[in-house]
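S.K.: Give me the fold of what follows.
(one chain, ligands or ions: 2)
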Amino acid sequence: MAQPSEPHGLEADAFLEEVHSFEFWFQAVEGYLSGSHYGHRPALPEAPLSERERDALVTTLCNYCIGERAALEGASGMIRFAPNRRQQVFLATQAVDEARHLEVLHHRLIDLGVGDPESEIRLRASRSLQAFRRRLLTLVDGKDWEAALFAQNVILECMEFTAFQAHARRADPVTREVLEGIIKDERRHMGFGENDLGRRLAAAPHVRARLSEIRRELDALVLDTFEESLDALGTPRSERPDLGRAYLAAVERLGFAT
Ligand SMILES: [Fe+2]
Ligand SMILES: [Fe+2]
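M.R.: Residues are numbered from 1 along each chain as shown. Ligands and ions are numbered 1, 2, ... in the order given. You can find the predicted model right below:
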């Protein structure tokens with residue numbers, strides 16, 4: 001099985017050239033996508049779900065589709081104003097990843113018996129997540145590189161990473177495998193945001209104040225999104241995993257504590 005080439009020890013510039021390339025991307029995804037069918041091994045058996053469990057899973061997947069579509073539109077829109085070729089190439093690989101995520105989640109909804117996923121997504125959409133998507137796309141439309149990269153590759157990716165990891169631990173086997181593949185991609189996207197913004201903040205520390213402001217606004221929408229989805233799942237407060245705290249810790253680990 002192919003493994004990504006080992007980038008350590010290369011000059012910093014050569015390292016970035018490599019990890020932002022399609023070459024690196026292809027080697028990374030080949031290992032876990034080759035032989036899979038819509039994100040999971042084709043022979044993996046379906047676990048029986050009660051009607052209540054199925055309904056809760058459909059709501060959750062519908063909301064994941066909104067997040068993935070926002071990331072697809074965000075990443076592809078940012079290619080137009082990315083500062084250089086290397087960032088453009090990385091965003092092209094990210095757009096491919098996000099389109100795949102949207103596709104496999106959509107397909108999972110069909111597997112679960114949803115006849116018209118698009119109208120189901122509209123019906124079950126979390127209001128705070130839709131507000132997040134609109135805000136992200138406004139930053140992208142404004143061609144504001146730091147703000148759009150922060151909203152997408154730090155905030156949105158951290159939200160998805162936290163939610164998918166918590167969900168994968170208790171999901172049915174097929175959903176778990178689909179989510180585990182997505183999580184591997186989201187790690188790369190977070191790494192890109194952390195690396196690019198880390199260098200920008202070191203060169204221009206005043207950028208931090210602007211990002212802190214965006215963070216304050218978007219953190220509230222992320223925390224509301226978690227609450228809304230746990231409400232939809234009927235999770236009692238005492239049993240709710242502390243997704244909000246895990247999310248805030250993930251953003252801070254990336255060096256964006258405010
Ligand atoms: Fe994604
Ligand atoms: Fe992503």
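S.K.: CA only for contacts and neighbour counts going forward, please
M.R.: Noted.
S.K.: what about the residue of the stretch 1-150 of the chain found nearest ligand 1, how many residues close to it?
M.R.: Relative to ligand 1, the nearest point of the stretch 1-150 of the chain is residue 98 (4.4 Å; Cα to the ion). Other residues within reach of residue 98, judged by other Cα atoms under 10 Å, total 27.
S.K.: secondary structure element for the residue nearest to it when sequence neighbours are not counted?
M.R.: Leaving aside its sequence neighbours, residue 98 sits nearest to residue 72 (Cα to Cα, 6 or more residues apart in numbering; 5.0 Å). Taking DSSP states H and E as the definition, residue 72 sits inside helix 51-78.
S.K.: helix or strand for the spatially closest residue to residue 172 that is not a sequence neighbour, which one?
M.R.: Sequence neighbours aside, residue 47 is the residue nearest to residue 172 in space, at 6.1 Å (criterion: Cα to Cα, 6+ apart). For residue 47, there is no enclosing helix or strand under DSSP H and E.
S.K.: same thing with residue 99?
M.R.: Taking DSSP H and E as the criterion, residue 99 maps to helix 85-111.
S.K.: cool, and residue 217?
M.R.: Using DSSP H and E, the element containing residue 217 is helix 207-232.
S.K.: How about exporting stretch 116-133 as PDB, limited to the C-alpha atoms?
M.R.: The C-alpha atoms that make up stretch 116-133 are tabulated as PDB, following Å, rounded to 0.1, in the frame of the first residue of the first chain:
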ATOM      1  CA  ASP A 116     -34.600  12.800  -2.100                       C
ATOM      2  CA  PRO A 117     -31.600  13.900  -0.100                       C
ATOM      3  CA  GLU A 118     -31.700  17.500  -1.300                       C
ATOM      4  CA  SER A 119     -35.100  18.200   0.000                       C
ATOM      5  CA  GLU A 120     -34.400  16.300   3.200                       C
ATOM      6  CA  ILE A 121     -31.300  18.400   3.800                       C
ATOM      7  CA  ARG A 122     -33.400  21.600   3.300                       C
ATOM      8  CA  LEU A 123     -36.000  20.200   5.800                       C
ATOM      9  CA  ARG A 124     -33.500  19.300   8.500                       C
ATOM     10  CA  ALA A 125     -30.900  22.000   8.100                       C
ATOM     11  CA  SER A 126     -29.600  23.600  11.300                       C
ATOM     12  CA  ARG A 127     -30.200  27.400  11.200                       C
ATOM     13  CA  SER A 128     -26.900  28.200  12.900                       C
ATOM     14  CA  LEU A 129     -24.900  26.000  10.400                       C
ATOM     15  CA  GLN A 130     -26.700  27.800   7.500                       C
ATOM     16  CA  ALA A 131     -25.700  31.100   9.100                       C
ATOM     17  CA  PHE A 132     -22.100  29.900   9.400                       C
ATOM     18  CA  ARG A 133     -22.100  28.900   5.700                       C
END
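S.K.: ok, residues contacting that stretch?
M.R.: Stretch 116-133 has contacts (Cα atoms under 8 Å, 6 or more residues apart in numbering) with 59, 62-63, 65-67, 70, 106, 109-110, 114, 218, 221-222, 224-225, 228-229.
S.K.: Now that stretch: average pLDDT?
M.R.: Averaged across stretch 116-133, pLDDT comes to 96.
S.K.: Show me where the stretch 151-258 of the chain has its helices.
M.R.: Taking DSSP state H, counting those that start in this stretch, the helices of the stretch 151-258 of the chain run over residues 157-170, 173-203, 207-232, 243-253.
S.K.: of all those, which lies closest to ligand 1?
M.R.: Across the helices of the stretch 151-258 of the chain, closest to ligand 1 is helix 173-203 (Cα to the ion), at 5.9 Å.
S.K.: Can the closest one be said to contact ligand 1?
M.R.: No - in terms of Cα under 5 Å from the ion, no part of helix 173-203 sits within range of ligand 1; the closest distance is 5.9 Å.
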